[in-house]
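> Sharing a model that was predicted from the sequence below.
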Amino acid sequence: MQFEIKNNESTSPIMYNSTNKKNRKSFLISLILVLLIVSCASPTEKDSLVVINQPAEFETQEAIWLIWPATNHKEGESVEKVTLSIIEALKEDVNIVVTCKNKEVLGDAKEILEQQFGSLTNITLLEVPSFEIWARDMGPIFVKTNQNTMAIADFNFNSWGYSDTLDVDTKTEEMYDVRVAEHFKLPVISSAMISEGGNREVNGKGTLLTTESVEMGRNPTMTKKEMEAEYKRLLGVKKIIWLKQGLVEDNHTFLGPVTTTDGTKAYTVVTTNGHIDEFARFVNDSTILLAQIDSTEFDDPIALENHKRIEENYQLLSKATDQDGNPFTIIRMPLPGTIFSTMSPGDYVYEYIETLEYTDGSTFPKGETVTVMAALSYLNFIITDTVIVGQTCWREGMPDELKQKDEEAAQILQTVFPNRKIVMIDALAVNLGGGGIHCISIYQPVISNN
């Protein structure tokens, strides 16, 4: 795999291209055409850009974007291994863009990719400053404009509610999508409203799903009407469906530990307080995959609370209609149940959550090993044109029932995506950082002229 430096400006991404073959040429030609269209627009035309829509993830894509991990969330759990598993699943059919936080990390990624895969025809490495790997939340949201061109929808960011928008590290993450737009010379449509991509599901026809617990928590001074106006302006959607809460495993960590069945106190792992991609996903423009808890699990207080939250959301969805007034088809997907692990001093996540002020009045037991809950769900899968990447949860020594759930989840994915290959991978190393494989990826759609 040979790479050529295309740009060396420190404030813009640096792009390294692999050998030009059929897939790579197609990808670059498409980008060049978009850039030519944008660059030929007059200032007046640029000023009049209007977003028509955000294509859905299940529609035709140009590429999948990932961020190369620079650290692990827990010692011994390799996020890099998960990233390589995703690339392995997609490398034959999908263009992949991998961004790296600096030149050193980029060099490491280049070497590892060469060793692992040899010559690739469809990979691009970019240097884009970032601290975290959650491309879904701060990565580029590609939208279609009234001029049949791409633009980047740029919401504000406050590190999932753990920081301030003016924090230096948070600002670096917030600028991630803007730097990508600058590199490709794409217009940016910005908002002061805080919103992360993992809490927005679109059907590509004008309907958006989101959760109140996240959006209203991020924007306490905004009304729903004001937020809906921003969704419509930045994403081109026509209808917003508000669900209530997400999973317990996704509760904000600073709310305090959760009591488990045996009375143990377990912490979430710097989670989002209810991102929708953990429990509800569009699989086509009229079908929603929704989590479900089996009644045999109700003796578990976490499962029972998740059941109450999800069924409240189910009632809302069962009565909801799309942008044209049509009801949705709802297909249920099991949850694996809560997967527990431990964190100790020296673990990346531990070092952060011990600094938090807990709003329930509890005190973090600094210096002691603590129990944590992985942010893990079968619904946090990646969609591409030809491959669906889902997650397995079972490991050696875990109950056989969990292995059966893994198999059921894969079967459901195959049912809803009959013409795509299903690849299931172990992603616990990512889950222990507060999200899943969907959270660490973002799709770049094909923007057609139709």
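Looks like it came in fine.
> Run through the helices of the stretch 351-450 of the chain in chain order.
Counting by DSSP state H, counting those that start in this stretch, the stretch 351-450 of the chain has helices at residues 400-416, 428-431.
> Need the winner for burial among the ones you listed.
Among the helices of the stretch 351-450 of the chain, ranked by average contacts under mean count of other CB atoms under 10 Å, first place goes to helix 428-431 (a mean of 24). To be clear about C-beta, it is placed using only N, CA and C from the backbone, and glycine gets the same treatment.
> between the helices of the stretch 351-450 of the chain, which one is nearest to N156?
helix 428-431 (24.8 Å; CB to CB).
> what sits up against the closest one?
72-74, 77-79, 81-82, 133, 269, 339, 341, 374-376, 391, 393, 395, 436-437, 439-440 (CB atoms under 8 Å, 6 or more residues apart in numbering).
> How about P187: what's its closest non-neighbour residue?
A151 (4.6 Å; CB to CB, 6 or more residues apart in numbering).
> Report the strands that pair with the host helix or strand of that neighbour, each with its relative direction.
Secondary structure from DSSP states H and E places A151 in strand 150-156. Its sheet considered, strand 150-156 pairs with strand 141-145 (antiparallel), strand 188-194 (parallel) by DSSP bridges.
> could I get that strand in CSV with only the CA atoms?
The C-alpha trace of strand 150-156 is given here as CSV (Å, rounded to 0.1, in the frame of the first residue of the first chain):
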residue,chain,number,x,y,z
MET,A,150,-23.0,18.2,-0.8
ALA,A,151,-22.7,20.3,2.3
ILE,A,152,-21.8,19.5,5.9
ALA,A,153,-24.4,20.0,8.6
ASP,A,154,-22.5,21.2,11.7
PHE,A,155,-24.3,21.1,15.0
ASN,A,156,-22.6,22.3,18.2
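> All the helices of the chain, in order from the start?
22-39, 43-47, 79-90, 103-117, 135-138, 168-174, 176-184, 212-218, 224-235, 301-319, 348-353, 400-416, 428-431 (DSSP state H).
> sorry, back to before: Y348: which of the helices of the stretch 351-450 of the chain is closest?
helix 428-431 (11.0 Å).
> Off-centre distance for the closest one?
With CA atoms, centre = their mean, to the nearest Å as the basis, helix 428-431 stands 13 Å off its chain's centre.
> just stretch 383-395 next, same as before
The answer for stretch 383-395 is 14 Å, by CA atoms, centre = their mean.
> Mind listing residues that contact it?
Contacts of stretch 383-395 (CB under 8 Å, 6+ apart): 57-58, 60-61, 64, 86, 89-90, 93-94, 283, 336, 339, 376-378, 380-382, 402-403, 405-406, 409-410, 413, 417, 420-428, 431, 436-437, 443.
> Show me which of the contacts of helix 428-431 are buried.
72-74, 77, 79, 82, 133, 269, 339, 341, 374-376, 391, 393, 436-437, 439-440 (16 or more other CB atoms under 10 Å).
> follow-up on the earlier one: show me the contacts for the residue nearest to P187.
A151 neighbours (CB under 8 Å, 6+ apart): L49, V51, F142, V143, K144, T145, A181, L186, P187, V188, I189.
> Please name the bridge partners of it.
The partner residues for A151, given DSSP bridges, come to V143.
> Mind pulling up the pLDDT for it?
What the model reports for A151 is a pLDDT of 97.
> so how far is K144 from it?
Counting by CB to CB, to the nearest Å, the gap from A151 to K144 is 8 Å.
> what touches both of these two?
Joint contacts of A151 and K144 (CB under 8 Å, 6+ apart) are V51.
> pLDDT score assigned to T11?
Reported pLDDT for T11: 39.
> can you check A427 too?
98.
> residues in contact with E196?
R136, D137, M138, F155, F157, W160, V214, R218, T272, H275.
> tally of neighbours for the closest residue to L49 other than its chain neighbours?
The shortest distance from L49 to any non-neighbouring residue, by CB to CB, 6+ apart, is to T145 (4.8 Å). When neighbours are counted by other CB atoms under 10 Å, T145 registers 24.
> wait, T145 sits on N53?
No - using CB atoms under 8 Å, T145 makes no contact with N53, being 9.5 Å away.
> residues contacting G246?
G246 neighbours (CB under 8 Å, 6+ apart): T211, S213, V214, T272, N273, G274, H275, I276, E278, F279, R309.
> Can you redo the residues you listed as a markdown table, where the extra columns are neighbour count, pLDDT and distance to L289?
Listed next are those as a markdown table, based on neighbours: other CB atoms under 10 Å; pLDDT from 0 to 100; distance: CB to CB, whole Å:
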| residue | neighbour count | pLDDT | distance to L289 |
| --- | --- | --- | --- |
| T211 | 27 | 98 | 16 |
| S213 | 22 | 98 | 20 |
| V214 | 27 | 98 | 19 |
| T272 | 31 | 98 | 19 |
| N273 | 22 | 98 | 21 |
| G274 | 26 | 98 | 17 |
| H275 | 33 | 98 | 15 |
| I276 | 26 | 98 | 11 |
| E278 | 28 | 98 | 12 |
| F279 | 27 | 98 | 9 |
| R309 | 22 | 98 | 16 |
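> Count the neighbours of K232 for me.
K232, neighbours per other CB under 10 Å, totals 16.
> need the contact list for it.
K238.
> Spit out the contact partners of K74.
Per CB under 8 Å, 6+ apart, neighbours of K74: S341, M343, D347, Y348, V349, A429, L432.
> actually A410, not the one I wrote
G390, I422, M424.
> Buried ones among the residues you listed?
G390, I422, M424.
> In this structure the second one contacts Q414, no?
Yes - I422 sits in contact with Q414 when judged by CB under 8 Å, with a separation of 5.0 Å.
> how many neighbours does N199 have?
Neighbours of N199 using other CB under 10 Å come to 25.
> For it, which residues are in contact?
Contacts of N199 by CB under 8 Å, 6+ apart are T210, T211, V214, E215, T272, G274, H275, I276, D277.
> Repeat the analysis, applying 6 Å as the threshold.
T210, T211, V214, H275, I276 (CB atoms under 6 Å, 6 or more residues apart in numbering).
> and what of N203?
Per CB under 6 Å, 6+ apart, neighbours of N203: A56, F282, D285.
> Surely the last one and K205 touch.
Yes - with the criterion set as CB atoms under 6 Å, D285 and K205 qualify as a contacting pair; they are 4.8 Å apart.
> For K81, see how far away N102 is.
Distance of N102 to K81, given as CB to CB: 21 Å.
> Redo the helices of the chain as CSV? Include distance to I447.
Formatted as CSV, the helices of the chain follow (distance: least, CB to CB, whole Å):
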stretch, distance to I447
helix 22-39, 7
helix 43-47, 16
helix 79-90, 21
helix 103-117, 27
helix 135-138, 19
helix 168-174, 24
helix 176-184, 12
helix 212-218, 26
helix 224-235, 14
helix 301-319, 29
helix 348-353, 37
helix 400-416, 25
helix 428-431, 29
